[in-house]
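[1] Just a sequence and a predicted model for now, questions to come.
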Amino acid sequence: MSDYDVVILGGGSGGYACALRASQLGLSVALIEKDKVGGTCLHRGCIPTKALLHAAEVADSARESEQFGVIAELAGIDMNGVNSYKDGVVDKLYKGLQGLIKAAKVDYIEGTGKLVAPTTVEVDGRRVTGKNVVLATGSYSKTIPGLDVDGVKVIASEHALRLDRVPKSAVILGGGVIGVEFASAWHSFGTEVTIVEALPRLVAAEDADCSKQVERTFRKRGIKFKTGKPFESVKHTDAGVTVTIAGGETIEAELLLVAVGRGPVTQGIGYEEQGVAMDRGFVLTDERLRTNVAGVFAVGDIVPGMQLAHRGFAQGIFVAEEIGGLNPKPIDEAGIPRVTYCEPEVASVGLTEEKAKEQYGADKIKTYNYNLGGNGKSQILKTQGFVKLVGVVDGPVVGVHMVGSRVGELIGEAQLIYNWEAFPSDVAQLVHMHPTQNEALGEAHLALAGKPLHAHA
Ligand code: NAI
């Protein structure tokens with residue numbers, strides 16, 4: 001006899017989405033969480049960082065107001081004020097989420113759980129059994145061997161979110177998503193930022209044209225970056241840190257922010273002991289998110305792939321529906337939208353040009369890069385960038401890549417285009433609102449369909 005239909009270990013995006021959907025389907029659910037429901041995304045990730053980035057945008061608006069004929073002055077950044085705004089957003093969402101969990105009649109169990117049998121989780125001495133168990137224990141900020149994150153001079157993103165001051169200077173290790181987002185926000189607040197990235201370009205997981213545009217704009221903004229330069233060592237000094245990078249160059253700063261990726265939280269919680277197949281700490285699943293152990297599923301950042309909250313939500317819902325017998329359609333990872341919220345924003349879905357050429361053959365792929373210079377609303381906002389389409393010759397659009405202020409908000413249409421396998425002509429015949437930035441997506445498709453309006457063929 002099981003206590004529950006579903007026992008979920010971890011109350012982050014993947015875990016709580018699974019709990020809510022399972023409960024909607026009439027299943028009995030226990031959700032086990034050692035900290036706060038909402039996990040990394042709500043408390044230490046997506047939500048607080050985007051609030052920080054919005055405060056940074058407000059600072060930029062004040063600083064750049066004269067360009068628009070408005071006389072204003074940026075008198076300074078009150079970090080306490082920024083933090084209370086940010087924490088207020090998180091608190092409100094947290095209360096809302098707690099209310100949802102309660103209303104869904106999910107049994108919320110506070111405590112640290114451990115898998116002690118394939119269908120049993122032990123929480124502080126109590127054994128909770130489920131017909132199904134969902135592992136959703138999330139991720140942590142990684143560091144590199146020999147680099148000790150002390151939370152004071154050498155910090156991770158969770159510490160950076162709690163700083164009570166604007167650092168005078170910072171070295172950011174890693175030019176991936178977290179690295180460029182903090183670089184962007186801190187620079188807007190007045191920090192002198194240097195990014196150190198081992199790979200040849202910033203946001204290296206994105207299409208190469210996106211990296212180029214971000215680098216161009218960062219250069220213009222005065223954000224320094226060193227690409228192709230692995231980190232070597234850090235020394236603590238009275239004033240902060242001295243960072244040495246490949247080639248022996250040193251950089252002095254008040255802080256070193258380590259943003260070299262996130263690792264799965266899977267150690268010491270019984271997964272290996274129960275025979276769950278793992279690879280480098282990640283839990284392996286099939287496309288139905290089943291592990292090799294019957295009745296045990298995994299969702300979110302512990303499953304190899306993109307570590308994104310909305311992927312976690314989708315996987316959580318998928319597993320609940322799988323358990324509920326709805327036979328849901330497996331998730332296409334390439335169809336999951338990606339947005340990096342630095343200034344300029346980067347938004348993409350589907351395949352990069354490089355991946356598409358690998359997959360379809362170079363001669364089967366055509367691309368179009370629509371410059372935001374031709375887009376009225378982008379000119380009003382004074383932003384630069386593009387909408388790049390990657391299409392199959394006589395076939396669908398298989399990649400959309402965008403850079404520019406606010407382009408993250410354009411990803412909705414782009415993801416429908418990719419996921420509904422639209423041809424350029426399908427999108428070209430739809431009338432797009434003028435003047436919007438969204439119109440740039442329409443114009444890019446007009447151009448790829450061979451009938452450009454405010455662009456060249
Ligand atoms: P990441 O994998 O995006 O970037 C880490 C970067 O550090 C890589 O470019 C890597 O080459 C570099 N690196 C690693 N070792 C290095 C070394 N020794 N020297 C120099 N550079 C080195 O990981 P990141 O930025 O820490 O983000 C973690 C996760 O959080 C990502 O999976 C990301 O998707 C997610 N996230 C998503 C956000 C969003 O969707 N907007 C925002 C923030 C995080």
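    Looks like it arrived, so ask away. Numbering: from 1, shown residues only.
[2] neighbours of the residue of the chain found nearest the ligand, just the number please.
    Using Cβ to the nearest ligand atom, residue 176 is the residue of the chain that sits closest to the ligand, at 1.8 Å. Glycine gets a C-beta too; all of them are placed from N, C-alpha and C. By the criterion of other Cβ atoms under 10 Å, residue 176 has 21 neighbours.
[3] So it sits against residue 201, correct?
    No. Shown here, residue 176 and residue 201 do not form a contact pair, counting by Cβ atoms under 8 Å, at 10.8 Å.
[4] Enumerate the residues of this protein near the ligand.
    Contact residues, the chain versus the ligand (Cβ under 6 Å from any ligand atom): 144, 173-179, 181, 196-199, 204, 230-231, 259-262, 306-308, 339-341.
[5] what's downstream of the strand or helix carrying residue 319, the next helix or strand?
    Following DSSP states H and E, the helix or strand that holds residue 319 is helix 309-323. Using DSSP H and E, the helix or strand that directly follows helix 309-323 along the chain is strand 338-340.
[6] For the most centrally placed residue in the chain, give me its contacts.
    Against the mean C-alpha coordinate of the chain, by Cα atoms, centre = their mean, the closest residue is residue 308 at 4.8 Å. Residue 308 is in contact with 336, 338, counting by Cβ atoms under 8 Å, 6 or more residues apart in numbering.
[7] backbone phi and psi for it, please?
    As for residue 308, its main-chain torsions (degrees, to the nearest 10) stand at phi -130, psi 140.
[8] Shouldn't residue 199 be within a helix?
    No. Counting by DSSP: H, G, I helix; E, B strand; the rest coil, residue 199 is not part of a helix but coil.
[9] My guess is it contacts residue 229. True?
    No. In this structure residue 199 lies outside contact range of residue 229 using Cβ under 8 Å: 9.6 Å.
[10] follow-up on the earlier one: what's the spacing between the residue nearest to the centre of the chain and residue 47?
    Separation of residue 308 from residue 47 (Cβ to Cβ, to the nearest Å): 13 Å.
[11] again with residue 306
    Using Cβ to Cβ, we find residue 306 at a distance of 18 Å from residue 47.
[12] Looking only at neighbour counts, state which of these two leads.
    The neighbour comparison of residue 306 against residue 47 (other Cβ under 10 Å) goes to residue 47, with 19 against 15.
[13] Surely that one and residue 94 touch.
    No. Assessed by Cβ under 8 Å, residue 47 is found out of contact with residue 94, at 9.2 Å.
[14] Now do residue 133 against residue 327, distance only.
    Applying Cβ to Cβ, the value for residue 133 to residue 327 is 20 Å.
[15] Report the buried residues of the helix or strand where residue 91 lies.
    If you go by DSSP H and E, residue 91 is part of helix 79-103. In terms of neighbour count (16 or more other Cβ atoms under 10 Å), helix 79-103 has its buried residues at 82-83, 86-87, 89-90, 94, 97, 101.
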